[in-house]
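A predicted structure for the sequence below; I have some questions about it.
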Amino acid sequence: MEENLLNELNPMQKEAVVQTEGPCLVIAGAGSGKTKVLTYKVAYLMEHEKVAPWNILAITFTNKAANEMKERVEALVGNAINDIWLGTFHSICVRILRKFIDRLGYDTSFIIFDTTDQKTLMKQVLKELNVDSKMFSEKSVLSDISNAKNEMIEPEQYKLMYGGDYRKDIIAKCYELYQKKLKDNNAIDFDDIINYTIKILQNNSDVLDYYASKFKYILVDEYQDTNKAQFTLISTLANKYKNITAVGDSDQSIYRFRGADITNILNFEKDFPGTQIVKLEQNYRCTQNILKAANEVIKNNGDKYGKRLWTENEEGNLPNIFCGEDEYEEASYVVEEINHLRRAEYMKYSDFAILYRMNSQSRAIEDVLRREDIPYKIIGGLKFYERKEIKDAIAYLRLIANSSDSISFARIINEPKRGIGKTSLDNIQKIADENSISMYEVVKHAEQYMPKLVNSTKAFVDTIEELKGLVYQETDVSEIIKQTLKKTGYTDALKLENTIEAQSRIENLEELLTVAMEFEKESADKSLQEFLNGISLSSDTDNIEESDDMVTLMTLHSAKGLEYPAIFLVGLEEGIFPGNLSMGSEEDIQEERRLFYVGITRAKRYLYITFAKKRTIFGSTSYNPPSRFVNEIPKELFNGYDDAIESSNSADKFADSQFEWTYGSKFNKFGSGSSKNNGPVITKRAVDSGDIPSASPATFGKSVDSFLKNMNVGVSTAASAPTDLSQYKVGQAVFHKKFGEGVITGLDPEGDDYKVDIEFKNFGHKRLMLKFARLEIIE
DNA sequence: CACGCTCTGCCTGCG
DNA sequence: GCAGAGCGTG
């Protein structure tokens, strides 16, 4: 078994695996098998070195990476996987905090504030400190605080370091109050998760001894993405045995903006004396031509470790390049190529991914994909857990689990409407502050604090207390959610709205129930607390399901770690990619270049790079030259280079080439020169691009989200044609956005609608309401 | 207190 | 172009 283990590895991979003692840095190029090395190393430690599973700590950044690793390790070592501490930085730290956060004066039932909660709290802070919210937006203050936390600078220290600077002084005050308020809510934010863990370890030798002795072997994935706090955590834990393996690729460091410090990987040898470095340079993913293009791009950055990726894969096709008139023509080209490859190479929709620099670029592509009836899914954008109804439901659950959570209280006290408006809310807040109690306590004892509120809140308090009783009786989470939505009148209020949007919200809440039921099946600890914990630490990229045959759309950042047979990199224009905000410094440009490199190396067999002569973004149109990165790939490495460049030059692109980036330049937005010509050309999509004649602005003018809702039933309603249900018959093949292809096996009239039974290829039998199922007919 | 209108500001985003 | 905040009116 053990020999077999090593036989599946190439010499360098093998070296990285057997190098178990002392610090080991694995420089793993794109597609070089780094997950394989990590998983085999864990197995090797157990089988060859006889290390107990509970002495191993393996850390990743994303849940997705953690799950993948878990599955692959399990395949090698079986049940022992359950004793290995394998998880994200955050999940590992939360696990420690649940045990020891009382050392910091918190209750172990603490909750984790997400971005929205943070903003709400910061708004309170700014108000309380009378800070001018024009100059200090919640977002910017939070961003400064987060940067400080990434650098492990606490409020007092912040004040000392930056004292005297007008802006920083104010930020310091906000930081201080923000931390205090978090504590009042028995809440911590994502950055605190790491920092508090470090603090507990550093100030409590018993805790440190325990964990440092426990984790004899530590493995860290994506090391180039670590920030100072994460580095400190790892080195604190590794200090006793110094058996640390870090795997990473400095060329794929793309998260500087959120605190990742590339010097962590560059200085690894200094930080951990006696480091063995292993370079993995053989790429198993891409064709030679794709790899050549990638190498040509990244060599412009200069690489400390001087690695050169190579492959034994076939030469493959040349990467394609295309220039469109505008983003619609660009998208149409992408669609044409997808259809072409499907026909010519029998490729599936799920073999394709379209990658862009920012989420707002997805719209044009979506429009064209929809027009051409191509199934697609978007990763990112408006996330499931950020939807209003989901946030509301979770706020209820959080309040039930932790009544001191005043942010959640404020979110749902008037949701559904209970006649508690801003004035009442402010009063509750004031009284809570004065008496140092939570807002919920104020309302619970309204007869004592605010007699006027007794009538309007009695039912609310009773419901919450009743639901708390359910938690006490260890009722299933899904049942608690059901009861919550029912007893608070939340679902009823939505039903009363009787709109497509409300229906969609109800469906999302049902989806939350499904999540809860899955949790009950899978989790050992079935408590509400644990459920909420899991939700706080989950993200949408976790479940990119491969079973659906759909084209994937996402940002380049989301694509890291993934691979597809065919990749489209769109919007390769100066100002878009590299983005305008990155043009200031060479460091930022290098990071953008790494992002481009990441994009190229996602492709296994086909690579397309596209740009457009003109593009409408954020409501204004601009003409941008092709990205400098395109020119870094020698033209003989492209298929279609002359056509693309010729058509991009034929434009009058310099005639009125004025790129007005409408954000990030607050101070010169109306500054000099704005009147020197007539400003940006405004392109009205439905008018100017004859590409989509069937779409009226009214139909397309909604958010992507409401679009999806409209995509079948809604559109025909909007076009004043009655919904034609007659085309849905038993035996008809249909397509559902979530469940994919299926066949109708039954129809039952229900009011003016039908209950429809469908046998799905990949999801089995489902019963849905026809009007809301948004089924597409498959010819 | 609720609703609807206008204004503003916007990249990428792990957990 | 669009969502969310803020403000004024019924």
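Alright, I've got the coordinates.

could you list the contact residues of the stretch 301-450 of chain A toward DNA strand C?
Contact residues (C-beta under 7 Å from any atom of the strand) of the stretch 301-450 of chain A with DNA strand C: A:360, A:363. Glycine gets a C-beta too; all of them are placed from N, C-alpha and C.

what about stretch A:349-368, distance to the chain center?
Remark: stretch A:349-368 is offset 16 Å from the chain centroid, using C-alpha atoms, centre = their mean, to the nearest Å.

name the residues linked to the closest residue to A:Leu318 other than its chain neighbours by a beta bridge.
Distance criterion C-beta to C-beta, 6 or more residues apart in numbering; nearest residue to A:Leu318, sequence neighbours excluded, is A:Asn639 at 4.1 Å. On the basis of DSSP bridges, A:Asn639 is bridged to A:Asn320.

measure A:Asn639 to A:Tyr606 for me?
10 Å (C-beta to C-beta, to the nearest Å).

looking at these two, which is more packed in?
A:Tyr606 (22 against 15; other C-beta atoms under 10 Å).

what's near enough to touch the more buried one?
Contacts for A:Tyr606 (C-beta atoms under 8 Å, 6 or more residues apart in numbering) come out as A:317, A:320, A:341, A:565-567.

looking at neighbours, which among these is most surrounded?
A:Ile567 (28 neighbours).

quick one on the thing from earlier: show me the common contact partners of A:Asn639 and A:Tyr606, please.
Common neighbours of A:Asn639 and A:Tyr606 (C-beta under 8 Å, 6+ apart) are A:317, A:320.

just checking, A:Gly561 touches A:Ala65?
Yes - A:Gly561 is in contact with A:Ala65 according to C-beta atoms under 8 Å; the separation is 6.4 Å.

backbone torsions only: list them for A:Val17.
phi -80, psi -50 (degrees, to the nearest 10).

doesn't A:Tyr44 make contact with it?
Yes - A:Val17 lies in contact with A:Tyr44 (C-beta under 8 Å); the separation is 5.1 Å.

so when I look at A:Ile480, I'm seeing a strand, right?
No - judged by DSSP: H, G, I helix; E, B strand; the rest coil, A:Ile480 forms no part of a strand; its state is helix.

I'd guessed it sits against A:Ile394; true?
No - here A:Ile480 does not reach A:Ile394: they are 11.8 Å apart, not a contact under C-beta under 8 Å.

which stretches of the stretch 551-700 of chain A form helices?
A:556-559, A:586-600, A:628-631, A:641-649, A:685-688, A:697-700 (DSSP state H, counting those that start in this stretch).

out of those helices, which is closest to A:Ala30?
A:Ala30 lies closest, by C-beta to C-beta, to one member of the helices of the stretch 551-700 of chain A: helix A:586-600, at 7.3 Å.

give me the contacts around that closest one.
A:30, A:251-254, A:256-257, A:290, A:293-294, A:297-298, A:300-301, A:319, A:355, A:357, A:556-557, A:559-560, A:567, A:569, A:577-579, A:581-583, A:607, A:627, A:629, A:632.

for stretch A:41-53, same thing?
Residues from elsewhere that reach stretch A:41-53 (C-beta under 8 Å, 6+ apart): A:1-2, A:5-6, A:16-18, A:20, A:56, A:58, A:73, A:76-77, A:80-84, A:86, A:216-217, A:219, A:245.

next, the buried residues of that stretch.
Within stretch A:41-53, the residues that count as buried by 16 or more other C-beta atoms under 10 Å are A:41-48, A:51, A:53.

can you lay out the residues you listed as JSON lines showing pLDDT, secondary structure and distance to DNA strand B?
Output for the buried residues of stretch A:41-53, formatted as JSON lines (pLDDT from 0 to 100; DSSP: H, G, I helix; E, B strand; the rest coil; distance: C-beta to the nearest atom of the strand, whole Å):
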{"residue": "A:Lys41", "pLDDT": "97", "secondary structure": "helix", "distance to DNA strand B": "21"}
{"residue": "A:Val42", "pLDDT": "97", "secondary structure": "helix", "distance to DNA strand B": "19"}
{"residue": "A:Ala43", "pLDDT": "96", "secondary structure": "helix", "distance to DNA strand B": "23"}
{"residue": "A:Tyr44", "pLDDT": "96", "secondary structure": "helix", "distance to DNA strand B": "26"}
{"residue": "A:Leu45", "pLDDT": "96", "secondary structure": "helix", "distance to DNA strand B": "24"}
{"residue": "A:Met46", "pLDDT": "95", "secondary structure": "helix", "distance to DNA strand B": "25"}
{"residue": "A:Glu47", "pLDDT": "93", "secondary structure": "helix", "distance to DNA strand B": "28"}
{"residue": "A:His48", "pLDDT": "94", "secondary structure": "coil", "distance to DNA strand B": "30"}
{"residue": "A:Val51", "pLDDT": "97", "secondary structure": "coil", "distance to DNA strand B": "26"}
{"residue": "A:Pro53", "pLDDT": "97", "secondary structure": "helix", "distance to DNA strand B": "22"}
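
quick check, nearest of the residues you listed to A:Asn313?
A:Lys41 (25.0 Å).

tell me how far the closest one lies from A:Glu587.
From A:Lys41 to A:Glu587 the distance is 33 Å (C-beta to C-beta).

what backbone torsions are found at A:Ile101?
phi -70, psi -20.
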